[in-house]
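> what's the 3D shape of this:
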Amino acid sequence: MSGKILVTYASRTGSTIGVAEAVAQTLIDHKLEVDVLPMQDVASVAPYHAVVAGSAIQAGAWLPEAMQFLKTHQRQLNQKPFAAFLVCMTLALKNESMREQANVGNWLQPVRALVRPISEGLFAGILDISKVPSFSERMKFRVSVLSGVWSEGDHRDWDAIHTWADELSDLLQ
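Residues are numbered from 1 along each chain as shown. Here you go, the predicted model:
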């Protein structure tokens, strides 16, 4: 096992990829050696000293392929520093009480049940209605945007993402 860190992700529309790349770049800026890979391309986590894994949220949960990644590599992930993050539009809700009621941090509970993260990052994503795959979901988002619940656009807080990754650099070594 080298001192290399794996930053891996599961994404639907690309928002999570950007977060993973920003985390990786921040770790590289701290002179750490990092690989960035989609979860489906990770055959083994054995070569890595530490793993940072992130997923988009769908229906209040990590994507199925992200949960499968954890199950597949659970034993090895529990033997090394592991950090988790999620990317979801709930964190971009304009109504603060609605964001708090969602209790987004609890959405990582199934992750915690498999692997105990040393740190967790919770980040808003991008709302690009044209990338929402289901017609009915696109309609729901359009109505929500028209009623002021959300606004389209990139809601990722790059300062928060880099700050989290800065803190990770010490935890992962």
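
> can I assume G54 sits in a strand?
Yes. Checked against DSSP: H, G, I helix; E, B strand; the rest coil, G54 lies within a strand.

> I'd like the distance between it and V145.
25 Å (CB to CB, to the nearest Å). No exception for glycine: its C-beta is placed from N, CA and C like everyone else's.

> neighbour count winner among these two?
G54 (25 against 15; other CB atoms under 10 Å).

> For the more buried one, give me its contacts.
Listed by CB atoms under 8 Å, 6 or more residues apart in numbering, the contact set of G54 reads 7-10, 16, 19-20, 23, 66, 84-87, 121.

> what secondary structure does the closest residue to G18 other than its chain neighbours sit in?
Spatially, and ignoring its direct neighbours in sequence, G18 is nearest to R156 (6.6 Å; CB to CB, 6 or more residues apart in numbering). Three-state call for R156 (three-state DSSP): coil.

> got the buried residues for stretch 61-78?
A61, W62, L63, A66, M67, F69, L70, H73, Q76, L77 (16 or more other CB atoms under 10 Å).

> Isn't the second one up against P110?
Yes. Between W62 and P110 there is a contact at 6.9 Å, judged by CB atoms under 8 Å.
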